[in-house]
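Participant: missing the sequence, but the structure's below:
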């Protein structure tokens, strides 16, 4: 089961070190090396996490990236 949410503001997609801030407050940072570009404003995302680590997928993008919670 995945949590579904919306990112705050815009994103350019996936790149190691990218921060993803959810509208509800949590901030996650990408830890995997996958790079993919697609600029979007307030996209829907899916999060599969256990504690402060997990994986995230942005709507209309390929695959999942590994993330860790930083705030």
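Facilitator: Yep, it's here. Predicted model, so just to flag it, every value in this text is computed and none were measured.

Participant: rest of the way, CA atoms for contacts and neighbours
Facilitator: Will do.

Participant: Please name the residues that touch residue 65.
Facilitator: Shown in contact with residue 65 (CA atoms under 8 Å, 6 or more residues apart in numbering): 14, 30-32, 34, 55-57.

Participant: make it 6 Å
Facilitator: Applying CA atoms under 6 Å, 6 or more residues apart in numbering, we find residue 65 in contact with 55-56.

Participant: And residue 60, by the same measure?
Facilitator: Taking CA under 6 Å, 6+ apart, we find residue 60 in contact with no residue.

Participant: distance of it from residue 43?
Facilitator: Here the distance between residue 60 and residue 43 works out to 9 Å (CA to CA, to the nearest Å).

Participant: what does residue 15 give?
Facilitator: The gap separating residue 15 from residue 43 is 16 Å, by CA to CA.

Participant: What of residue 20?
Facilitator: Going from residue 20 to residue 43 by CA to CA gives 11 Å.
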